[in-house]
Structure formats: structure tokens, C-alpha cells
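**Student:** I would like the atomic coordinates for the input below:
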Amino acid sequence: MWKLLQPPAYKPEIAAEQVDSKYKWMRLQVFIGIFVGYAGYYLVRKNFSMAIPELGLLGFDTSELSIVLSMNAVAYALSKFLMGSVSDRSNARVFLPLGLILASLSMMFMIVPVRLLGPDHKELAIVIMAVLNFLVGWFNGMGWPPCGRVMTHWFSQNERGTKMSIWNCAHNVGGALVGPMAVYGALWFGSWFYGSHSEYYFLIGTYLFPAVVSIFIALVAYVLIRDTPQSCSLPSVEKWRNDYPKNYSAKQEEVLTTREIFFKYVLNNKLLWFIAIANAFVYMVRYGCLDWAPTYLREAQGYDIKQAGWAYFAYEFAAIPGTLICGWMSDRFFHGRRALPTILFMAIVAVFIFLYWQFSSNYIVVTLSLIAIGFFIYGPVMMIGVQALDLAPKNASGTAAGLTGFFGYFLGTAILANIVLGTVAEKAGWDWTFVLLIGACVLAIVFMGFTYREEKERSKRQ
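**Tutor:** Model prediction:
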């Protein structure tokens, strides 16, 4: 393993009377670090979605741009799975900022094929954009796994649902800022770079401005994050809280081989496969609504970039209270079982997708529907991530989450949300995309139903 990424050695524990105060402070510090750091990843994640309408005005085709868009999800799916295994054996303090800096640099270079080649050399420009967006997605895959590693080492299982629901809001904070940053970055700085050529201002707001901010955030994250309590002269969180899960063993503090992680704890876990398949349909809905909202609202409904940008913002921002409520419900009312709140929220999402579809000419109804979809869809997104961590030992947490993430981003996002929905929108019209989105809600509910039965039986056995 690359020496830079090797986890720090465990240090002798400090005096017992000092443990409580240091533990409480360090937990807050590392939590802020992974929250801010992960929010930074979402500033340079799905920016291409905001650029699609403007690139269309420059002469690029929607079907070609949908392929570029899908590269991000394909790369992210592969990276989250493969880099998840690497992160289980890496220093989270280095791993997270490194990925964010590399993603930011890749995002900056997205300007190059548009300005130097443009639609006059469309084929080459599309290829370069696809490669760069693939790199953006790959390096973004280095964001979630180290956060999962930090979460499992610094927070015990019985408190993890609530803590992760708070942390999970980080991607909504980052994602919600993409729309306003695209608008105001173009307004504030576009003329500095392109003078009177206002058709290129969006490149600054969509790519350059958020990338610069994200590099700064990566430095802040490095200052705050620490890998494990033991590397800071503290005991394990289970020992400190006297909160041992039923399947806990001291071996969970060790670094496992890749073979042990994959074959012993991940690939033969039936419940993990259930939630991975359900996750594909949850992500189809999540990104089917999110990625295509700017294009749908501009092309089909005639909204301008400001209206589309603020609708995009509303979708992401509404997810924050929705995520918190779903996490609280799972701990408070469902005793740590994650499937039932996921089923409930997905049923409500289907209703609001129908309203978004049928009343799309009314900007108020559209905005309220997107707020509701954002509010309810991110609870299931978070719940499946928490389930993945619950179902594997903490030294295999990154790989377990990577499996569900692979299904979510490769099948759900790249194939279904980006390519299938983009092609259907162009060939058959937007109405059919909404039919598919509602169908995805139904399938997610079905597979989570299988998960619910398994969860209930497992709870009885324990």
C-alpha cells in the first residue's frame, strides 16, 4: 500500500481521568471534519448536470451529453466499491482530502474541451468531457468510504443511526450549494475570464468556482480529521462507551486482508445483496429527478437558469430535515431497523413524482414537489448506508458500503437514471421518464420488503 495512505500506528492510552474530555472533543472535531469534507465533495460532483442546458445552447446534443453524465456515475460506482476496500486499510485523514483535491482539479479541466474545441470538434470534445467526468466520479468515490471508517471507529453502533443522519446532511449542504454557486459564480466572475462572451460564463460558475472552494475545504478537512481513537492515545469507542454490539470481537480492530473482507463479510451476506438491489432503484429516483431537473425545466417548461438553479437548490436543501427525521424515526420508533421507514418514504416519493409530472407548468407546484421529493428520498439513501455499516464489522465497513454504492451508482444512476432516462426523454418524451421513475419507487419498495422480513427475523434471533 502506498506509504502515504498507511493508517497511523496505535499509541499508548492516556491516563483514564483524561479520556472522557479528550474523547468528547476529538469526536466533535473529527465529525466536523468529515461533515465539511464530504460537503466539499458534493461541490464538485454533479456539476455537469447544471452545465447540460448551457452546453445544449452551444450545439451539443442531449443524448451525447447523457453519456458524458453517465461516466461520472460509472466511475463513482467502481471507485466507491474498489476504493472502499483500500480505505479500510488507509488513513482517513489523508484519504479523504486527497480524493477531494484530485476531484477538484479534474473538475477545473472540464472547461478545456468546451473552450478549446467546442461544437466545431464535437466528437473529440465529448470524448474529453467523458474522460474528465469519469475522473471526477472516480476521485469522488474516495469520499464516502473514509467517512464510514471514521464513523464506525469513533461512534458506536447504538448511536450511529442518529449521528449518521446528521452527517448525511453534508452531501445535501454541498449539493444544495451547486445551483446558487453556478448562478452567482457566473455573475460575479464570468466577465473576468470571458469579457462580453456571456455564453461561457457558466463554465466559471459550474466548474472553476466550486473547484477552488473545494480545494480549500480539503485542507480544512485534513486539519480536523483523525483516523482512529487508538491512534490518538484513546481506547476503542466500544470500550469507552461500554457499548459492545452482539457481534463485536477484538478482531474488528485489526486490519483485514482484501480476501477476508470480500469473501467472509461482504459477498456471502444475503441482506447486503437485498439492500444493494433496492439501492439501485432508490438511486434511479434520486438522480433521475436531480440530474434531469435543470434540463427538463428549461427544455420542456421554458424556465430560465435561475429558476432551474433554485429548484435544484430546493431539492437538495429539503433533504436535510428529511434525512434527520428518517434517522430519528429508525432509532426511536423502529428500534434500529431501517427497512420500514425506507418503504414509507419511498411510497410518499412516488406520490410527489406524480404531482411534479402532472403540474410541471406551475412553478410553485414544481418547486414544492421537488422540495417534497428531496425531503423524502434522502432518508432511504441514508438508511441503506447505515444498514450497510450495521451488517459488517467496522474493519470491513468501507467495502460493505461500497457494494451498495456500486449498485446505486452503476446500475441505478449511470445506467437507469442517466442513460435510460436521457434516451427515453429524447426518443419517447418526458412523460415516459416519469412513468419509469414511479416504477422505480415501486421496485425499491418491493426489495426493501424482502429486507424488512429478514431484518425482523434477525431481530428476533438476537
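**Student:** tell me the average confidence for the host helix or strand of Val183?
**Tutor:** Using DSSP states H and E, Val183 maps to helix 169-194. Mean per-residue pLDDT for helix 169-194: 81.
**Student:** in the stretch 251-400 of the chain, which spans are helices?
**Tutor:** Per DSSP state H, counting those that start in this stretch, the stretch 251-400 of the chain carries helices over the ranges 258-259, 270-299, 305-332, 339-358, 363-390, 397-406.
**Student:** Nearest to Pro12 among these would be which one?
**Tutor:** Ranking the helices of the stretch 251-400 of the chain by distance to Pro12, with C-beta to C-beta as the measure, places helix 397-406 first at 25.7 Å. Where you see a C-beta, it was placed from the backbone N, CA and C, and this is true even at glycine.
**Student:** Mind checking what helix or strand follows the closest one in sequence?
**Tutor:** Using DSSP H and E, the helix or strand that follows helix 397-406 in sequence is helix 421-427.
**Student:** How far away from the center of its chain is that next one?
**Tutor:** The chain centroid and the centroid of helix 421-427 are separated by 24 Å under C-alpha atoms, centre = their mean, to the nearest Å.
**Student:** what's that helix packed up against?
**Tutor:** helix 62-87, helix 270-299, helix 430-461 (3 or more C-beta pairs under 8 Å, 6 or more residues apart in numbering; DSSP states H and E).
**Student:** Show the average pLDDT along it.
**Tutor:** 84.
**Student:** So which residues make contact with that helix?
**Tutor:** 62-63, 65-66, 69-70, 284, 288, 292, 295-296, 432-433, 436-437 (C-beta atoms under 8 Å, 6 or more residues apart in numbering).
**Student:** End to end on stretch 413-429, go ahead and measure it.
**Tutor:** End-to-end span of stretch 413-429 (C-alpha to C-alpha, to the nearest Å): 19 Å.
**Student:** quick one on the thing from earlier: the helix holding Val183 packs against which elements?
**Tutor:** In terms of contacts (3+ C-beta pairs under 8 Å, 6+ apart), helix 169-194 is packed against helix 16-43, helix 47-57, helix 201-203, helix 209-224, helix 305-332.
**Student:** which of the ones you listed is buried the deepest?
**Tutor:** Across those, averaging neighbours per residue (mean count of other C-beta atoms under 10 Å) puts helix 201-203 on top, at a mean of 24.
**Student:** Tell me how many other residues crowd Arg160.
**Tutor:** By the criterion of other C-beta atoms under 10 Å, Arg160 has 21 neighbours.
**Student:** in the helix or strand encompassing it, what counts as buried?
**Tutor:** Secondary-structure element containing Arg160, defined by DSSP H and E: helix 157-167. Going by neighbour count (16 or more other C-beta atoms under 10 Å), the buried part of helix 157-167 is Gln157, Arg160, Gly161, Thr162, Lys163, Met164, Ser165, Ile166, Trp167.
**Student:** okay, those in CSV with distance to Cys326 next?
**Tutor:** Below are the buried residues of helix 157-167 laid out as CSV (distance: C-beta to C-beta, whole Å):
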residue, distance to Cys326
Gln157, 18
Arg160, 14
Gly161, 9
Thr162, 11
Lys163, 14
Met164, 11
Ser165, 7
Ile166, 12
Trp167, 13
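**Student:** And the furthest pair within these?
**Tutor:** The most widely separated members of the buried residues of helix 157-167, counting by C-beta to C-beta, are Gln157 and Ile166 (15.9 Å).
**Student:** ok, Pro7 - contacts?
**Tutor:** By C-beta under 8 Å, 6+ apart, the residues touching Pro7 are Arg89, Ser90, Asn91, Asp227, Thr228, Ser231, Val255.
**Student:** ranking those residues by neighbours, who comes first?
**Tutor:** For the contacts of Pro7, neighbours tallied by other C-beta under 10 Å; top is Ser90, 26 neighbours.
**Student:** So the closest residue to that residue other than its chain neighbours versus Ala182, what's the distance?
**Tutor:** Nearest residue to Ser90, sequence neighbours excluded (C-beta to C-beta, 6 or more residues apart in numbering): Leu5, at 4.2 Å. Distance, Leu5 to Ala182, by C-beta to C-beta, to the nearest Å: 33 Å.
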